[in-house]
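1. Structure here, sequence nowhere to be found:
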């Protein structure tokens, strides 16, 4: 079932396509929909500008499907479920018409927004091993309406690869940089762009990287100005923040 405004809900009731109980649930002023296993925040778009995003890890496919279908009733914007493995994604795609899956970012999504992408979010990563986190950021920003450009495998071990992307850095409204190992790339990028920079430490590296803790601490201690840092492997958080900044810079 698609999103319906008040007039459409009332018309559906008159055509007996919705029961009175279903219409009441859709028109409920409390701002959330209670399920046996979840309390879906149907008011989040009004408060925060974007509907609730489903965190797929730890949820069953059936739970993701139920939440997604309830969100479909509440919004015309794109819907996404992050951190979904291939098995869960296959079950969701089978039960929810129109949904798609990106295996790199592990995001299941339903495209509903037809507005043109705006601005420019540049997403960079240090190495190919950082791609899952970088793509989580990139696809999140795209689904939230941002025009995204990618520059991957541009780490400091071959600095000329990054310098070749200076034109992109000069156009970007916001830059996301994902890096593991020693986490040096965001500091370097911060010295090359005037755009706000969001650094994402990844859990890529050998033993002394401590599953991304070394990169996190390096980014938190960076001398680059205008840089913020999200948690380890939090591509979604970086992409979301980048999309918000990008939308405000129109």
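-> Noted; the coordinates are in hand. These numbers were taken from a predicted model, which means no experiment stands behind them. Residues are numbered from 1 along each chain as shown.

2. Show me which positions of stretch 196-210 end up buried.
-> 196-205, 209 (16 or more other C-beta atoms under 10 Å). Placement of C-beta: from N, CA and C, glycine included.

3. Over to stretch 152-167?
-> Those would be 152-156, 162, 165, for stretch 152-167 by 16+ other C-beta under 10 Å.

4. got the end-to-end distance for it?
-> The straight-line separation of the ends of stretch 152-167 (C-alpha to C-alpha, to the nearest Å) is 15 Å.

5. in its sheet, what does the strand of greatest length in the chain sit against?
-> Counting by DSSP state E, the longest strand found in the chain is strand 118-125. Applying DSSP bridges, strand 118-125 is found paired with strand 146-151 (parallel), strand 174-179 (parallel).

6. related to what we said a few turns ago, okay if I get the buried residues of stretch 196-210 as a markdown table plus secondary structure, pLDDT and distance to residue 21?
-> Below are the buried residues of stretch 196-210 laid out as a markdown table (DSSP: H, G, I helix; E, B strand; the rest coil; pLDDT from 0 to 100; distance: C-beta to C-beta, whole Å):
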| residue | secondary structure | pLDDT | distance to residue 21 |
| --- | --- | --- | --- |
| 196 | coil | 96 | 47 |
| 197 | strand | 98 | 50 |
| 198 | strand | 98 | 44 |
| 199 | strand | 98 | 48 |
| 200 | strand | 98 | 44 |
| 201 | strand | 98 | 48 |
| 202 | coil | 97 | 47 |
| 203 | coil | 97 | 47 |
| 204 | coil | 94 | 50 |
| 205 | coil | 92 | 54 |
| 209 | helix | 91 | 54 |
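
7. Let me have the residues you listed in JSON lines, extended by distance to residue 131.
-> Listed next are the buried residues of stretch 196-210 as JSON lines, based on distance: C-beta to C-beta, whole Å:
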{"residue": "196", "distance to residue 131": "23"}
{"residue": "197", "distance to residue 131": "19"}
{"residue": "198", "distance to residue 131": "17"}
{"residue": "199", "distance to residue 131": "17"}
{"residue": "200", "distance to residue 131": "12"}
{"residue": "201", "distance to residue 131": "15"}
{"residue": "202", "distance to residue 131": "10"}
{"residue": "203", "distance to residue 131": "13"}
{"residue": "204", "distance to residue 131": "10"}
{"residue": "205", "distance to residue 131": "15"}
{"residue": "209", "distance to residue 131": "17"}
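
8. rewinding a little: single out the most deeply packed of the strands paired with strand 118-125.
-> strand 174-179 (a mean of 31; mean count of other C-beta atoms under 10 Å).

9. Tell me which other helices or strands the helix or strand just after that strand touches.
-> Moving toward the C-terminus from strand 174-179, the next helix or strand (DSSP states H and E) is helix 185-190. Contacts defined by 3 or more C-beta pairs under 8 Å, 6 or more residues apart in numbering; DSSP states H and E place helix 185-190 against helix 159-163, strand 174-179, strand 197-201, helix 213-220, strand 227-229.

10. How far off centre is helix 185-190?
-> Relative to the centre of its chain, helix 185-190 is centred 22 Å away, using C-alpha atoms, centre = their mean, to the nearest Å.

11. For it, give the mean pLDDT please.
-> For helix 185-190, mean pLDDT rounds to 96.

12. My read is that residue 136 contacts residue 242, right?
-> No. If you go by C-beta atoms under 8 Å, residue 136 and residue 242 don't touch, sitting 11.6 Å apart.

13. The two: which is more packed in?
-> Legend: neighbour count by other C-beta atoms under 10 Å for residue 136 and residue 242, higher for residue 242 (30 against 27).

14. element containing the more buried one, please.
-> Per DSSP H and E: helix 235-248 holds residue 242.

15. out of the buried residues of stretch 152-167, who's nearest residue 99?
-> Nearest to residue 99 among those is residue 152, at 25.9 Å by C-beta to C-beta.
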